[in-house]
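I'd like to go over a predicted model; first the sequence, then the structure.
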Amino acid sequence: MEGRVDIKILCGKDLFGMDFSGKSDPYVEVFHGDKKLHKTAKKANTLNPEWNEQFSFHLMDQSEPIIFKVLDRDLPDKDDFMGEAHLDLTALGINRSEEVSLPLTAGDDDKLARKAEKKHKSLGFIIVRICTTDVQDGSIEKLDFFTETLGTSSMKASMPFSSMMSNSTGRSDPSGMVHIVLVQARGLMPSDVGNTINSFCKVSLGSGNRKTKIIPDSLNPKWRQGFVIPWFEGQDDYIEMFIHDSKTGGEESDQVGRSFINLRELKQDISHNLWLPIKDSSDNLLNIEKDGELNAIVTISGLSDIKEEVSPKDEEEKEEKLKERFALSNTFSNLEDVGQLQVKVVQATGLCPEFIGKRNPFAVLKVGNSRVQTNSCNGTIKPEWNRTFQFDIKDVYEVLEVAIFDDEGDRDGDFPCELLGKIQIPLLNIESGKERWYRLKDHSLRNSARGEDPRILIRMKFIFNSVRASSCVFKPKTIKYEETQKQEFEMSKFKHNFGRMMRVKQKCLLLKQTILNIFEWHNPFVSFCALIVIPAIIWHFDVWMIPAFLLLFLTCQILKPLDNANQEEEDGDEEVDNQNDRKMSMMETLEMLQQKALWMQEAMGEVAGAIESLENVFNFSVPFISWFIYIFFLVVTIFLYFAPLRLLVLIWVVNRFRKGLMKNRTDTNEVINFLSRVPDNEELKNYREL
């Protein structure tokens, strides 16, 4: 039967060593009858090569097996034969897709067979993924399901990995960009005798290859590393991930597991948080899942052939469904579904031109762990994207970040591309339904980006359920898995955080001096009133008065006009001498100081940020948060007025005993969880428009 065959040669395992060093330089040649179909690249000095190469051919005779020959590159002599494997297509059938393990045999090479028998060692095996597709009237049928040999994996695919491959697969422009964040793995097994491994992960998609950092001495590594890889749809639709154990003191490593993701089964422009089973490649029985799992966040975006045409009627129906979905009457149907954000990136103007060449700008949007991007607009500093993205929001205290980068066309490289400008917008500050120009900032988010008044035009719609949004206030804040900045000591940041601490200290000293002035009768009238009021409060004190006093303070802040003088004064204090910092960083004697001072720098920033966040709860810098705490204190005040203190203490003690009895160790500090959602002064400056 006439058909089409797509084959991907993934890797080899435990191949036979042909060189004096015990290693080989293996590559694979594929034959169908007398015709040579494909030859892979050589992998130097390894017995566990990873090729990840795909090819396809037109099948005329299904009865003829496919022969895979593994050879050792041996210059200048003739390449050594390492074994061969035969694949019977009749056993596979038509319109099937499987991943198979092919044990290697010596074939007609008696010398190789005797050598392997003498060493009591097998020739190893190779792993390939193969898809057969029936061709009828020049068309290619789509497969509905990707099956595995043992059928134990939960990974399924809606189509074969190259069923959409056309005659134009040699195109230079990718179909889209795949952003993958390798978060962590758990339950890894050591490759050799030992209790731990130095793990890293290799990621492959087509010709794009990436590698994470090495996490030493851990069976549960956390990489939290992101990569952007171009995707040529139809050429290779599988992300292959190989976990390795790095050997100390060299470049050698052993493969301890692998996994894959079929991009065909993922929705586009949506970030997918996946837990993938890790397969063991150390045994001939393919697809036996280990106890380990690999956590990855994958997003397909940057698609160039998307056409957005929505009729007004469909738009109205969609908006009505959203209003019903987040209506207060449906609050308790799904408390986790807080809201939805729709962002339309229209265009940008005034971007900094390239000194040599042209700009190819594209926009990246981030909310929490969701990340999408537009396609690149080639050869312009006034790009027009007109792309709409949707984000399901679980926390309204998140921040939308929109950044514009220059696509330099380096498909083998990775981020960071050159930043042309970015902005950060808290979701609670979004003017829903309005189309607005925003001035772009540089990487510091303090100054304007380079260019002629660089701006970006964005239209946003944000709808959320206020009750659901309030219910997550005391829950732990979402962890951002991708680490985009490496923590390093910076003298300028050290000085800046020290200045923040000094300003907080001055405020505390001012408060202390004010209290002392009252007791020392610096102002007789104020001291006399305090002499009457304070003893009366102490004599009649009850718990409900605490939130009542906080309510009184919030009420004063409502009536008090917002003062921007202090913010402008703090902006002036941020100027530092960068030239002196560069000179100091060049001195080798500072290296030890930098390591010891790094923790001081970060600790001061965290302390100052926490204190500033506490201050911003009551000064209405973020009105939604201040109004929420206002209503919260009002409810608490009324409740504590009617509930005696001894009853509250009794409930608290019984609840603590209950948690201890049930061994609940996941208790969190609700106050810290709440403060983590309140921006400090530095974050407020980032959000401020220029």
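On my side now, so go ahead.

check the offset of stretch 372-391 from the chain's centre.
20 Å (C-alpha atoms, centre = their mean, to the nearest Å).

if you count neighbours, what's buried in stretch 549-557?
Judged by neighbour count using 16 or more other C-beta atoms under 10 Å, the buried positions of stretch 549-557 are Leu550, Leu551, Leu554, Gln557. Backbone N, C-alpha and C define where each C-beta goes, glycine included.

so when I look at Phe528, I'm seeing a helix, right?
Yes - residue assignment for Phe528, taken from DSSP: H, G, I helix; E, B strand; the rest coil, places it within a helix.

and the pLDDT at it?
pLDDT for Phe528: 84.

again, but for Lys247
79.

can you pull the contacts of it?
By C-beta atoms under 8 Å, 6 or more residues apart in numbering, the contact set of Lys247 is Asn198, Ser253, Asp254.

can you check Glu602 too?
Contacts of Glu602 by C-beta under 8 Å, 6+ apart are Gln487.

check which helix or strand it maps to.
Applying DSSP states H and E as the criterion places Glu602 in helix 590-618.

returning to what we had before: could you dump the contacts of Lys247 to JSON lines with pLDDT and neighbour count?
As requested, the contacts of Lys247 are arranged in JSON lines below (pLDDT from 0 to 100; neighbours: other C-beta atoms under 10 Å):
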{"residue": "Asn198", "pLDDT": "89", "neighbour count": "16"}
{"residue": "Ser253", "pLDDT": "81", "neighbour count": "21"}
{"residue": "Asp254", "pLDDT": "82", "neighbour count": "17"}
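
out of the residues you listed, the closest to Arg73 would be?
Ser253 (20.4 Å; C-beta to C-beta).

need the nearest residue in space to the closest one, chain neighbours excluded.
His244 (4.0 Å; C-beta to C-beta, 6 or more residues apart in numbering).

partner residues bridging the one you found?
Phe200, Gln255 (DSSP bridges).

what is the neighbour count of it?
Other residues near His244 come to 24 when the count uses other C-beta atoms under 10 Å.

can you check Lys119 too?
Neighbour tally, Lys119, other C-beta under 10 Å: 10.

and if you look at Phe474?
Phe474 - counted by other C-beta under 10 Å - has 15 other residues nearby.

confidence-wise, which helix or strand of the protein is lowest on average?
Sorting the helices and strands of the chain by mean pLDDT, DSSP states H and E puts strand 139-140 at the bottom, at a mean of 44.

quick one: end-to-end distance for stretch 536-549.
This stretch, stretch 536-549, spans 14 Å end to end (C-alpha to C-alpha, to the nearest Å).

list the buried residues for it?
Here stretch 536-549 shows Val543, Trp544, Pro547, Ala548 as buried, counting by 16+ other C-beta under 10 Å.

stretch 489-507 now?
Here stretch 489-507 shows 489-491, 493-497, 499-501, 503-504 as buried, counting by 16+ other C-beta under 10 Å.

the residues you listed in helices, which ones?
Among the buried residues of stretch 489-507, DSSP state H puts Met491, Lys493, Phe494, Lys495, His496, Asn497, Gly499, Arg500, Met501, Arg503, Val504 in helices.

what's the distance between the fifth one and Leu675?
Separation of His496 from Leu675 (C-beta to C-beta, to the nearest Å): 21 Å.

got a list of contacts for the helix or strand following the helix holding Glu602?
Per DSSP H and E, the first helix or strand lying C-terminal to helix 590-618 is helix 623-642. Contact with helix 623-642 is made by 396-397, 428, 470, 473, 542-544, 546-548, 550-551, 554, 557, 616-620, 648, 677-678, as judged by C-beta under 8 Å, 6+ apart.

apply 10 Å and report the result again.
For helix 623-642, the external contacting residues (C-beta atoms under 10 Å, 6 or more residues apart in numbering) are 396-397, 426-429, 466, 469-470, 473-474, 542-555, 557-558, 613, 616-620, 622, 648, 674-675, 677-679.

which stretches in the chain count as helices?
89-92, 110-118, 312-325, 466-471, 491-519, 524-539, 545-559, 565-572, 578-585, 590-618, 623-642, 645-661, 670-675, 681-687.

where among those helices is average confidence lowest?
Among the helices of the chain, helix 578-585 scores lowest, with a mean of 48.

buried residues, stretch 257-273. List them.
Gly257, Arg258, Ser259, Phe260, Ile261, Asn262, Leu263, Arg264, Leu266, Asp269, Ile270, Ser271.

what does stretch 78-87 give?
Buried, per 16+ other C-beta under 10 Å, within stretch 78-87: Asp79, Asp80, Phe81, Met82, Gly83, Glu84, Ala85, Leu87.

output those as a markdown table; include the columns pLDDT.
A markdown table is the format used below for the buried residues of stretch 78-87 (pLDDT from 0 to 100):
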| residue | pLDDT |
| --- | --- |
| Asp79 | 86 |
| Asp80 | 88 |
| Phe81 | 91 |
| Met82 | 92 |
| Gly83 | 92 |
| Glu84 | 93 |
| Ala85 | 93 |
| Leu87 | 88 |
